[in-house]
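Q: Mind folding the following:
(one chain, ligands or ions: 2)
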Amino acid sequence: MKITDAKVIVTCPGRNFITLKIMTDEGVYGIGDATLNGREKSVVSYLEDYVIPCLIGRNPFDIEDIWQYLYRGVYWRRGAITMSAIAAVDMALYDIKGKALNTPVYNLIGGRSRTGVMVYGHANGADLEQTIDEVGKYIDMGYLAIRAQSGIPGLQSTYGVAKEKMYYEPAQNDASGLPAVNEWSTEKYLNFTPKLFKKLRDTYGEEHHFLHDCHHRLTPIEAARLGKELEPYHLFWLEDTVQAELQEGFRIIRKHTTTPLAVGEVFNTIYDYTTLFTEQLIDYVRMSLLRGGGITHGLKVAAMAGVYHIRTGFHGATDLSPVTMAAALHFNTAINNFGVQEYMRHTGETDAVFPHEYYYDKGYLHITDKPGLGIDIDEALAAKYEYKRAYLPVNRKLDGTMFNW
Ligand code: CS2
Ligand code: MG
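A: Residues are numbered from 1 along each chain as shown. Ligands and ions are numbered 1, 2, ... in the order given. Modelled structure (predicted):
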């Protein structure tokens, strides 16, 4: 079998998605997600101008060699754009291989290790009361794990609070078409957050897993304070506590609290984790197959994480397309050290562009045995949705200091 052609499909059913489609001389094709929220067109060019010419004529079954060629061969290794492009190729090649061998992708990477994939939903509200109510709605929908994010008293905006319920899309421009500006106060946030989780436990008891995303906004000692204050509420994890380029920063957090830590949705290679793994400074890997170079790289990361008692908890926000969700579900079904999968549901409009096999049932996502990834792209429908540049917000402290969003 030979790769004969490939193309990049840009569509915007409510938000931008970038999909790579690889075609072969035996009529089998595969698809992969290449969406990089807020910088989508960069990956389009990376694929069209540089990667696709190198794929033509190759055997699509040679997944490892093609991965190594695209990773080592570029010389300028790593980075979100490079690794998202490599991920799209890798997902598409696994899709092709599964279809050609008439088997679902999970059978190519170890077979079935579990009957379903536990997911966590996103409850959020403008204030504490609304957030408590929203968590109750997710419990009523059968979720076993729920992330809770709330507006912070005294702040006009913050991370994780959706404009419309049951769907959160962070990409938003201001009136001039440039990044919206959010505001931040660590003090207000640290004083408020423990109250939210005390109220959640007082209201719903101990049965459900509660998660929370700090979204890169604390220093290590601030994260240590929050982790310690949340210990009575037994969170499943505290996510992205600090800007994690400084892996050693987690030593301070770990010294002070037993609250489990998750990090890495902005990471893109195993090297972002080496200190965090070998010193057991975290508990969950957030780096998705999309940002982290696909299934081939994900298997290496999960294997190394497993040596250090670390489980996966992949990123699964709306800006990762249903193609990444499909690939993640095959991956999560097969590996042993699976933890949880983020499931920020896409809209019906998006799901129509990406018809897929996976489905939600009582707190779990399930895949079927359809060969390949079990997902497709409706190109005619995709063509109806024009690309619209949309930035992620920026974030400033109340005194105007530029900060992490
Ligand atoms: C968040 C994301 O889902 C999460 O944990 O961190 O919503 C993140 O803000 C977006 O994916 C950014 O595009
Ligand atoms: Mg996050």
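
Q: Is there proximity between stretch 388-404 and ligand 2?
A: No: on the criterion C-beta under 5 Å from the ion, stretch 388-404 is out of touch with ligand 2, staying 11.7 Å away. (C-beta placed from N, C-alpha, C; glycine too.)

Q: Which positions in the stretch 151-300 of the chain make contact with ligand 2?
A: 213, 265.

Q: In terms of secondary structure, what does the lengthiest helix in the chain contact?
A: Taking DSSP state H as the criterion, the chain has its longest helix at helix 80-100. Packing partners of helix 80-100 (3 or more C-beta pairs under 8 Å, 6 or more residues apart in numbering; DSSP states H and E): strand 17-24, strand 29-33, helix 40-45, helix 63-72, helix 294-307, helix 322-334.

Q: got the angle between the fourth one and helix 80-100?
A: Inter-element angle recorded for helix 63-72 and helix 80-100: 170 degrees (by axes from the mean of the first three to the mean of the last three C-alpha atoms, to 10 degrees).

Q: now the helices and strands packed on helix 80-100 in TSV, with mean neighbour count?
A: Output for the helices and strands packed on helix 80-100, formatted as TSV (neighbours: other C-beta atoms under 10 Å):
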stretch	mean neighbour count
strand 17-24	24
strand 29-33	28
helix 40-45	18
helix 63-72	17
helix 294-307	20
helix 322-334	28
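
Q: can these go into a markdown table with extra columns for distance to ligand 1 and mean pLDDT?
A: Shown next, in a markdown table, are the helices and strands packed on helix 80-100 (distance: least, C-beta to the nearest ligand atom, whole Å; pLDDT from 0 to 100):
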| stretch | distance to ligand 1 | mean pLDDT |
| --- | --- | --- |
| strand 17-24 | 12 | 99 |
| strand 29-33 | 13 | 99 |
| helix 40-45 | 11 | 98 |
| helix 63-72 | 23 | 98 |
| helix 294-307 | 17 | 98 |
| helix 322-334 | 11 | 98 |
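
Q: Need the ones you listed in CSV (columns: distance to Glu231).
A: Converted to CSV, the helices and strands packed on helix 80-100 look like this (distance: least, C-beta to C-beta, whole Å):
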stretch, distance to Glu231
strand 17-24, 39
strand 29-33, 37
helix 40-45, 40
helix 63-72, 40
helix 294-307, 24
helix 322-334, 28
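
Q: Just tell me which of the ones you listed ends up closest to Arg147.
A: helix 322-334 (16.2 Å; C-beta to C-beta).

Q: and the next helix or strand after the closest one with ligand 2, contact?
A: Per DSSP states H and E, helix 322-334 leads on to strand 341-342 as the next helix or strand towards the C-terminus. No: judged by C-beta under 5 Å from the ion, strand 341-342 and ligand 2 are separated, with a smallest distance of 7.8 Å.

Q: Which helix or strand lies directly C-terminal to strand 341-342?
A: Following strand 341-342 in sequence, per DSSP H and E, is helix 348-353.

Q: got the contact list for that following helix?
A: 11, 13-15, 17, 318, 321-322, 377-378, 381-382, 385 (C-beta atoms under 8 Å, 6 or more residues apart in numbering).

Q: again with stretch 52-70
A: Counting by C-beta under 8 Å, 6+ apart, residues outside stretch 52-70 touching it are 1-8, 22, 24, 30, 51, 73, 85-86, 89-90, 93-94, 96-97, 100, 293-294, 296-297.

Q: For ligand 2, what's the nearest residue on the stretch 201-350 of the chain?
A: Relative to ligand 2, the nearest point of the stretch 201-350 of the chain is Asp213 (4.3 Å; C-beta to the ion).

Q: near ligand 1, anything from stretch 151-158?
A: No: against ligand 1, stretch 151-158 shows no contacts by C-beta under 6 Å from any ligand atom, the least distance being 11.7 Å.

Q: for that stretch, how far is the first residue from the last?
A: When the termini of stretch 151-158 are compared using C-alpha to C-alpha, to the nearest Å, they are 6 Å apart.

Q: Now do that stretch: everything it contacts.
A: Here stretch 151-158 has contacts from 125-127, 130-131, 149, 161, 180, 182-185, 188-189, 192, 393, using C-beta under 8 Å, 6+ apart.

Q: and it, average pLDDT?
A: For stretch 151-158, the mean per-residue pLDDT is 94.

Q: Would you mark the buried spots in it?
A: Residues of stretch 151-158 classed as buried under the neighbour-count rule (16 or more other C-beta atoms under 10 Å) are 151-152, 155, 158.

Q: Relative to ligand 2, which of these is nearest.
A: Thr158 (13.3 Å).

Q: With ligand 1 as the reference, measure out to that closest one.
A: 12 Å (C-beta to the nearest ligand atom, to the nearest Å).

Q: okay, now the residue lying closest to Thr219 once chain neighbours are set aside: neighbour count?
A: Distances taken as C-beta to C-beta, 6 or more residues apart in numbering place Val242 nearest to Thr219, at 6.5 Å, with adjacent residues excluded. By the criterion of other C-beta atoms under 10 Å, Val242 has 23 neighbours.

Q: residues contacting the nearest residue to the residue of the stretch 201-350 of the chain closest to ligand 2 once chain neighbours are set aside?
A: Excluding the flanking residues, the one nearest Asp213 by C-beta to C-beta, 6+ apart is Glu239, at 4.3 Å. Glu239 is in contact with 211-215, 261-263, 284, 286, counting by C-beta under 8 Å, 6+ apart.

Q: Of the residues you listed, which belong to strands?
A: Among those, the ones falling in strands (DSSP state E) are 211-213, 261-263, 284.

Q: What ranges does the stretch 51-200 of the chain have for its strands?
A: Counting by DSSP state E, counting those that start in this stretch, one finds strands in the stretch 51-200 of the chain at the ranges 117-125, 145-150, 181-184.

Q: Columns distance to Phe331 and mean neighbour count on top of those, output as TSV?
A: Output for the strands of the stretch 51-200 of the chain, formatted as TSV (distance: least, C-beta to C-beta, whole Å; neighbours: other C-beta atoms under 10 Å):
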stretch	distance to Phe331	mean neighbour count
strand 117-125	9	23
strand 145-150	18	25
strand 181-184	32	18
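
Q: that older thread, show me how to select, in PyMOL, the buried members of the contacts of helix 348-353.
A: In PyMOL, a selection of the buried entries from those looks like this (16+ other C-beta under 10 Å):
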select buried, resi 11+13+14+15+17+318+321+322+377+382+385
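
Q: Out of the contacts of helix 348-353, name the ones that lie in strands.
A: Judged by DSSP E, the contacts of helix 348-353 include 11, 17 as members of strands.

Q: That'll do, ta.
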